[in-house]
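> I need the structure of the sequence given here:
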Amino acid sequence: MRYLLPALLLVALLAMLMLRGYVHSEILADYRVQPPAATDTVPQKIMEGGPVIDARAKDDPKSLRIPDHKIVLTFDDGPDPEWTPKVLDELKEHDAHGVFFVTGTMASRYPDLVKRMVDEGHEVGLHTFNHPDLSYQSPDRIDWELSQNQLVLAGAAGIRTSLFRPPYSSFADAMDDKSWPVTQYVGSRGYLTVVNNTDSEDWKRPGVHSIIKRATPKGGKGAIILMHDSGGDRSQTVAALGKFLPRMQERGYTFDNLTTALGAPSAHTPVTGFALVKGKAFVYAVDVSEHITGVMVAGLAVIGVLVFSRFGLMLLLSFLHARKVRKRNFRWGEPFTRPVSVLVPAYNERKCIEATVRSLMSSDHPIEVIVIDDGSTDGTADLVEALRLPNVRVVRQRNGGKPAALNNGIAHARYDVVVMMDGDTVFEPSTVRELVQPFGDPRVGAVAGNAKVGNRDSLIGAWQHIEYVMGFNLDRRMYDILGCMPTIPGAVGAFRRQALDRVGGMSEDTLAEDTDVTMALHRDGWRVVYAENARAWTEAPESVQQLWSQRYRWSYGTMQAIWKHRRSLIERGPSGRFGRVGLPFVSLFMVVAPLLAPLIDVFLLYGLVFGPTQKTVVAWLGVLVVQGICAAYAFRLDKERMTHLISLPLQQILYRQLMYVVLLNSWITALTGGRLRWQKLRRTGALDASGSVPNQLKAGSNDRRPVA
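As a prediction, this is how the structure comes out:
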């Protein structure tokens with residue numbers, strides 16, 4: 001179900017976007033217009049005849065004229081939601097009728113107007129679906145344009161029509177060797193082709209007086225008058241109708257439907273059965289696609305506000321954080337020099353555990369190391385014991401999961417501050433010292449360190465490196481200032497035992513025990529801060545499958561933690577403050593914003609294929625530039641080389657999509673009540689205590705900065 005639902009959602013979304021592009025003439029649109037051609041094959045009686053051409057009999061085409069003192073008003077290119085109702089109002093006020101040659105693109109979007117036309121006694125004709133010049137089109141495309149137009153009429157008003165007007169048509173004498181074969185073919189499909197013999201040229205907006213003058217037939221003759229109810233500003237057309245209709249009626253003219261003027265049966269035929277159902281389904285699908293697109297645009301606006309708000313807050317608050325903690329006289333309190341306990345939960349970490357423990361032996365702060373072996377089957381505990389390192393103890397337990405291992409380690413710890421790290425992580429000599437200095441402030445209950453990717457030489461490692469520096473550590477600076485740090489990273493974090501005891505230790509309620517306990521500490525009134533110089537080098541997943549497993553657990557665990565602590569929204573005191581400040585921030589920036597962020601890429605693809613490509617690319621590059629600025633600032637704060645940012649554009653195109661799918665799967669797992677178990681990542685032992693990190697940060701370096 002976790003894979004089926006996203007796939008179905010994606011297919012439905014793409015189908016709706018394609019349908020929207022189709023009805024907005026962004027797909028299959030053809031704007032070519034045929035220049036005038038020779039007239040050798042056009043019968044003379046057609047060129048010299050009337051504006052109605054009956055080519056249903058292939059060998060005997062006929063030309064029909066409108067009787068004297070009868071006017072057939074025709075309106076092209078609609079219906080339009082603004083101008084068509086006004087045209088209909090004018091016709092209704094003066095008891096006049098006309099013919100509306102509608103396009104499928106407009107009729108499918110505004111079916112109620114088509115129904116109103118029919119209900120008020122007007123005739124409706126086809127003007128193709130996408131308004132192409134049919135002389136360029138194949139017979140199959142012509143059939144498609146006609147059938148799709150009929151499909152819309154069936155769905156909108158429950159009718160078919162036998163009237164057709166070619167796009168870009170004019171008078172009968174303008175018929176040429178390119179347009180005449182189209183007229184013949186359309187006639188063979190059972191249609192009357194209706195051109196005109198009086199053109200108001202209202203599309204030029206020449207003024208009301210000029211429109212009336214050009215629309216007025218000469219000498220009492222009958223006429224088919226061409227007007228438009230769509231395609232631009234039609235205010236002059238509406239104003240001209242208000243004067244033209246009563247004036248011509250006073251002269252003895254009647255405004256009739258085409259078939260009424262010709263004394264022929266109605267052009268409309270009722271549609272029933274499956275054809276009616278299919279038409280209504282199509283119109284309904286178009287309506288859904290329009291609304292979905294509207295929702296997506298609204299979602300894009302929301303994500304735009306969230307993304308740029310987050311970027312702005314990250315830049316501003318990260319600057320304030322760095323400015324505060326980097327002052328010469330900045331102190332958390334009295335220097336913290338007491339020994340601390342370092343807990344290393346380990347399950348089958350044989351490839352990494354030696355590097356982890358040996359890196360701790362270089363620590364310049366007094367520590368004891370407790371390795372909690374969580375039922376390993378690869379000899380992890382035996383390896384650590386065989387090292388015979390001073391102040392390193394091994395605690396063995398049956399496999400119970402990371403929270404149980406940490407709680408066991410806390411129970412065996414001798415000191416009041418415990419540092420927690422993963423079994424695949426390497427500390428620098430100064431890491432523990434920097435990490436525990438904030439405990440000089442008695443209000444601090446926990447400290448988040450600066451986790452960094454050690455195996456960044458691969459492309460996927462470089463992408464995670466960017467994510468860690470920008471997405472995690474820059475975020476932590478922001479959350480530190482806001483007082484709502486959501487997560488103490490499992491790779492490098494420190495806790496006051498008193499604080500842990502008050503919240504019940506590490507909980508097994510969620511898959512993100514680090515996020516869970518951090519939120520619990522906030523609710524209990526403790527400060528949670530970020531120590532930027534407490535660097536730890538961790539082995540990031542090196543395959544897509546491993547990365548998927550890790551982030552899937554993180555995302556789902558974060559949702560679990562948010563749901564677990566939801567009551568803080570209505571509580572008082574520190575818990576209420578976190579619930580009304582921290583929880584919304586975490587929910588918006590870690591769950592909602594990433595879930596909506598794919599809209600940016602969806603609209604990018606849509607714009608590249610169907611929309612204004614240049615504007616779309618410029619807009620996307622603008623977002624990328626903003627992200628690049630944030631990333632560059634984050635790299636500068638962390639003193640990282642900028643060369644890794646070369647892969648940032650590719651990360652936005654490929655890596656982000658994987659994170660989207662992971663988050664979506666987490667949502668579906670949560671909504672469907674699915675269960676997710678702990679998953680062990682496959683380690684490679686890529687990090688070691690002496691040479692795995694950049695040269696300037698090797699575990700053996702003489703980094704003895706003053707405690708700050």
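
> mind exporting stretch 529-540 as PDB, just the C-alpha atoms?
Only the C-alpha atoms of stretch 529-540 are listed here, as PDB (Å, rounded to 0.1, in the frame of the first residue of the first chain):
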ATOM      1  CA  VAL A 529      21.300  24.300  22.900                       C
ATOM      2  CA  TYR A 530      23.800  23.800  20.000                       C
ATOM      3  CA  ALA A 531      27.500  23.600  20.300                       C
ATOM      4  CA  GLU A 532      29.000  24.300  16.900                       C
ATOM      5  CA  ASN A 533      32.500  23.300  17.700                       C
ATOM      6  CA  ALA A 534      31.600  19.800  19.100                       C
ATOM      7  CA  ARG A 535      32.300  18.100  15.800                       C
ATOM      8  CA  ALA A 536      31.600  14.400  15.200                       C
ATOM      9  CA  TRP A 537      32.300  12.500  12.000                       C
ATOM     10  CA  THR A 538      29.700   9.900  11.100                       C
ATOM     11  CA  GLU A 539      29.500   7.400   8.300                       C
ATOM     12  CA  ALA A 540      26.500   8.300   6.100                       C
END
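
> mean confidence score for that stretch?
Mean pLDDT, computed over stretch 529-540, is 91.

> same question for stretch 491-499.
95.

> one more: stretch 606-622?
75.

> nearest to the spatial middle of this protein, which residue is it?
residue 599 (0.9 Å; Cα atoms, centre = their mean).

> quick check: chain neighbours aside, which residue is closest to that residue?
residue 300 (4.6 Å; Cβ to Cβ, 6 or more residues apart in numbering). In this view, the C-beta of every residue, glycine as well, is placed from N, C-alpha and C.

> who does the host helix or strand of residue 452 pair up with?
Element membership of residue 452, judged by DSSP states H and E, is strand 444-453. Strands that pair with strand 444-453, judged by DSSP bridges, come out as strand 493-496 (antiparallel), strand 527-538 (parallel).

> quick one: distance of the last one to the chain centre.
Its chain's C-alpha centre lies 33 Å from the corresponding centre of strand 527-538 when counted by Cα atoms, centre = their mean, to the nearest Å.

> other residues contacting the following helix or strand past it?
Moving toward the C-terminus from strand 527-538, the next helix or strand (DSSP H and E) is helix 544-564. By Cβ atoms under 8 Å, 6 or more residues apart in numbering, the residues outside helix 544-564 that reach it are 460, 464, 486-487, 509-513, 515-516, 519, 540-541, 583, 586-587, 590-591, 658-659, 662-663, 665-667, 669-670, 676, 678-679, 681-682.

> what comes up buried for helix 544-564?
Judged by neighbour count (16 or more other Cβ atoms under 10 Å), helix 544-564 contains these buried residues: 546-562, 564.

> that helix - what's its average pLDDT?
85.

> now swap in stretch 218-230 and tell me
Averaged across stretch 218-230, the pLDDT comes to 95.

> about what we covered before: mean neighbour count and distance to residue 308 added to the strands paired with strand 444-453, as JSON lines?
Shown next, in JSON lines, are these (neighbours: other Cβ atoms under 10 Å; distance: least, Cβ to Cβ, whole Å):
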{"stretch": "strand 493-496", "mean neighbour count": "26", "distance to residue 308": "30"}
{"stretch": "strand 527-538", "mean neighbour count": "24", "distance to residue 308": "23"}
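
> and those strands as CSV, adding distance to residue 284?
Formatted as CSV, the strands paired with strand 444-453 follow (distance: least, Cβ to Cβ, whole Å):
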stretch, distance to residue 284
strand 493-496, 54
strand 527-538, 52
